[in-house]
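Colleague: Curious how this folds, go ahead:
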Amino acid sequence: MSGLAIRERLLRLRHLLRRFGHFDGSRRLLLVEASALLLLSRLLLSVVPFKRLTPRLGRMAQPGEMPDAPAQTHADQERSAAEIAVDIGWAVQCAARHLPFDAVCLPQAMAAQSMLRRRHVASVMHFGVAKGAEKPFEAHAWLDAAGAEVVGYPTIGFTEIARFV
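Modeller: Numbering: from 1, shown residues only. Modelled structure (predicted):
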C-alpha cells in the first residue's frame, strides 16, 4: 500500500472517530453493540450452516400467517418500542456502512433482531426473493418491529417467502 493510500485511510479513520465522539453516550453504546453483533452475525453465517441458525431466528411462519406488527412484550418504561426499534435500525445501518467487511441485509437483520430481543421488543424477520438481473433470483432479508421498519427497507420488487417471529 502506498504512503498516500495509508494517509487517506488514517484521515478517514480520524474523521470517523471525531464523528463518533460527537454522539452521546447511549448512541455510542448502540454503535459499539451493533458493530459487535454485525461481526458475530457475519462470522456465524460464514461457519455455521443456515439450517442450524434458523432456530435462533425465531419460529418460522408462512407469509401472512402472523401479523406484521407483533405485540410488544415490554420495553424501556420511558421509551416506546417503536422508538427503540428506530434507534437500533439507525445504529445497525450506520455501523454496517463503516465496518471493514460487507454487512449486507441478513447480518443486519440478525444483529438488529438480537438487539431488540435484549430490550424485550418483539420483531419479525422477513425473507424474500425477486427476479434478478444477473442471477435467476435475488434474495433479501428485512426486519420490522413495533410498526417500525428497522433494517432492509425498502423492499420494492421482493416477494416475501418466509418470516421468523
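Colleague: For the protein, which element, helix or strand, carries the lowest mean pLDDT?
Modeller: Least confident helix or strand, the chain: helix 3-22 with a mean of 71, by mean pLDDT, DSSP states H and E.
Colleague: Give me the next element, helix or strand, following that helix.
Modeller: Under the assignment DSSP states H and E, the closest C-terminal helix or strand after helix 3-22 is helix 25-47.
Colleague: Report the contact partners of Gln62.
Modeller: 162-163 (C-beta atoms under 8 Å, 6 or more residues apart in numbering). Every C-beta, even on glycine, is put in place using the N, C-alpha and C of the backbone.
Colleague: if I look at it, how far off is Ala91?
Modeller: Applying C-beta to C-beta, to the nearest Å, the value for Gln62 to Ala91 is 31 Å.
Colleague: Now the residue nearest to the spatial centre of the chain. Nearest residue, chain neighbours left out?
Modeller: What sits nearest the mean C-alpha location of the chain, by C-alpha atoms, centre = their mean, is Gln108, with 2.5 Å. Sequence neighbours aside, Val151 is the residue nearest to Gln108 in space, at 4.4 Å (criterion: C-beta to C-beta, 6 or more residues apart in numbering).
Colleague: contacting residues for Asp102?
Modeller: Asp102 is in contact with Arg42, counting by C-beta under 8 Å, 6+ apart.
Colleague: Surely Phe164 is in contact with Leu57?
Modeller: Yes - counting by C-beta atoms under 8 Å, Phe164 does reach Leu57; the two are 4.1 Å apart.
Colleague: that older thread, give me the secondary structure label for the residue nearest to the centre of the chain.
Modeller: helix (DSSP: H, G, I helix; E, B strand; the rest coil).
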